[in-house]
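Asker: This is a predicted model, with the sequence first.
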Amino acid sequence: MTELFKVETGHCATISASSRRCHYPENGLEPSSGGAALFLSYRYRLYPQRPQEAVLHSYLGELTYLWNHALAQRRDSWVTKHHRIGYYEQQANLKAWRAFDACGLGRVPYHIARDCLQRLDFAYRAALGGVRAAQSSVGFPRFRRETRSFGFVPPPDPLRLARAGTWRIHIPRVGPVPVRLHRLPPEGATARAVTVSRETDGWYSTIQYEVPDPPPPSGDPIAPVGIDVGLTHLATLSTGETVDAPKFFRASERDLVRAHRRLMRKESGSRRYAQQRLRVARLHAKVRRQRRWFAHQLSHEWTRRFDLLSFEDFDVRLVVQGNRLAKNILDAGWGQIRQLCKYKATLRSRRYTEVPAAGTTQSCAMCGRLANPPLPLHERMFRCPAGHLADRDVNAAKNILGRGWIEVRRSAAEVRRVDGTPPPTRKGRRAYQRKRDRAIWSGETRRACSARSEFVSHNRERLL
Ligand SMILES: [Zn+2]
């Protein structure tokens with residue numbers, strides 16, 4: 001575990017596979033590589049001077065007004081005329097709005113205001129898309145009491161070296177703002193978007209860099225791993241290792257519970273209430289930072305050691321019914337760890353898969369037989385009807401790895417067919433693989449079964 005702590009990760013990279021602002025051609029942000037580009041976000045702390053901070057605050061205020069105004073316009077137009085106002089119609093109005101409110105919105109640089117309209121449009125599209133896909137997860141955008149961030153399109157290299165090795169980032173009409181460059185931006189990358197945000201402990205800027213695509217993984221994985229997520233251990237690897245939640249997680253959560261209780265005792269709306277609320281917010285921020293830090297450590301370590309990472313494609317809500325703290329850990333922690341592993345694997349040309357979770361704890365990783373009777377939650381050992389004995393979580397992790405292998409082979413088969421090069425023809429090996437796949441997939445859900453039949457049909461085509 002000591003190696004885990006070698007890498008300094010402060011407020012560093014997170015990833016998005018594509019950029020939100022790429023949707024709008026006037027930003028000039030179509031991925032330059034033609035296909036899907038890789039974006040890395042670097043978050044740096046800002047130290048604006050007093051007058052600069054005042055300007056930043058004024059931007060946020062004006063953008064709240066703009067957001068609410070644009071939202072009301074969209075809503076009213078739909079309610080009264082059944083006409084759907086789009087982004088471009090609002091963008092065309094922006095000039096008039098800015099001229100009308102010359103001392104307010106007019107002072108916010110044009111492309112920062114435009115970014116606000118794009119964000120609104122993006123929120124609308126997400127909500128409409130969610131409605132169409134019959135998902136209730138994304139709601140319609142709401143009216144705002146405050147805005148916490150704004151974005152703009154930067155020059156390719158927005159950071160400037162000032163005197164004495166200190167750095168500045170240029171924010172339009174605010175000027176060069178001191179920035180703590182705790183790590184250098186990626187080499188050979190172009191800045192595509194900047195977001196400036198106000199948080200409980202200060203100002204931050206997030207710079208989105210477009211990086212050249214790393215080479216795709218080649219050859220068969222040499223060091224594969226399956227990772228099972230659980231409550232007794234934070235993670236169990238198919239190698240038999242376990243990772244526990246660090247103690248500071250629990251400590252911070254205890255503090256958080258206490259701070260919340262104190263908040264509830266204060267009179268709502270009083271000065272002490274406001275003070276306590278700020279303390280709660282800071283604690284939340286601290287917990288968030290700790291989780292992110294730990295997630296970066298873990299994902300760094302795993303993507304360094306392993307070249308195939310196989311995770312369960314599970315639904316957090318089903319895993320942790322009834323346990324609030326466990327839910328917090330999994331909810332905020334696991335989605336993030338998977339997300340970080342995914343992009344770090346891509347960057348390091350490693351493989352990352354998410355496989356169906358159904359039945360991973362109930363089937364034997366050695367022979368594929370189902371536990372009979374089903375394994376209860378409190379039982380720590382998996383006893384196979386055929387006599388194999390394994391730790392419950394390690395067994396599950398091995399099953400996850402087995403399914404990951406299937407995914408890898410399936411995608412490899414596709415690549416080979418596209419190339420036109422013949423697949424390997426060693427008969428015995430293929431028969432072995434089929435037998436193993438059958439064992440792994442036996443007694444699964446419909447989804448798993450369809451994946452399996454897809455795999456089988458692929459192989460059948462290869463045989464012809
Ligand atoms: Zn067995």
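Answerer: Structure received.

Asker: What is the burial count for the closest residue to residue 223 other than its chain neighbours?
Answerer: Nearest residue to residue 223, sequence neighbours excluded (C-beta to C-beta, 6 or more residues apart in numbering): residue 306, at 4.9 Å. C-beta: built from backbone N, CA, C; applies to glycine. When neighbours are counted by other C-beta atoms under 10 Å, residue 306 registers 24.

Asker: Just want the most central residue of the protein.
Answerer: residue 339 (4.4 Å; C-alpha atoms, centre = their mean).

Asker: Give me the next element, helix or strand, following the helix or strand harbouring that residue.
Answerer: Using DSSP states H and E, residue 339 maps to helix 335-347. Counting by DSSP H and E, the next helix or strand C-terminal to helix 335-347 is strand 351-355.

Asker: Name the surrounding residues that touch the next helix or strand after that next one.
Answerer: Per DSSP H and E, the first helix or strand lying C-terminal to strand 351-355 is strand 381-383. The contact list for strand 381-383 (C-beta atoms under 8 Å, 6 or more residues apart in numbering) reads 361, 364, 371, 375, 388, 389, 390, 391, 392, 395.

Asker: for this protein, where's the lowest mean pLDDT among helices and strands?
Answerer: Here the helix or strand of the chain ranked lowest by mean pLDDT, DSSP states H and E is strand 14-16, holding a mean of 41.

Asker: quick one on the thing from earlier: and the pLDDT for the residue nearest to residue 223?
Answerer: Looking at residue 306, its pLDDT stands at 93.

Asker: quick one: it and residue 225 touch, right?
Answerer: Yes. In this structure residue 306 lies within contact range of residue 225 using C-beta atoms under 8 Å: 4.3 Å.

Asker: so where is the stretch 351-464 of the chain shaky, pLDDT-wise?
Answerer: The model of the stretch 351-464 of the chain has pLDDT under 70 over residues 414-464.

Asker: elements contacting the longest helix belonging to the chain?
Answerer: Longest helix of the chain, by residue count under DSSP state H: helix 271-305. Applying 3 or more C-beta pairs under 8 Å, 6 or more residues apart in numbering; DSSP states H and E, one finds that helix 271-305 contacts strand 224-229, helix 247-265, helix 335-347.

Asker: Give me every residue in the stretch 251-400 of the chain that's in contact range of the ion.
Answerer: With the criterion set to C-beta under 5 Å from the ion, the stretch 251-400 of the chain comes near the ion through 364, 366, 367, 384, 386, 388.

Asker: Please spell out the ChimeraX selection for the buried subset of those.
Answerer: Applied in ChimeraX, the following selects the buried portion of those according to 16 or more other C-beta atoms under 10 Å:
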select :364,366,384
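
Asker: Can you give me the neighbour number for residue 76?
Answerer: Burial measure for residue 76: 12 neighbouring residues, criterion other C-beta under 10 Å.

Asker: mind checking how far it is from the ion?
Answerer: 65 Å (C-beta to the ion, to the nearest Å).
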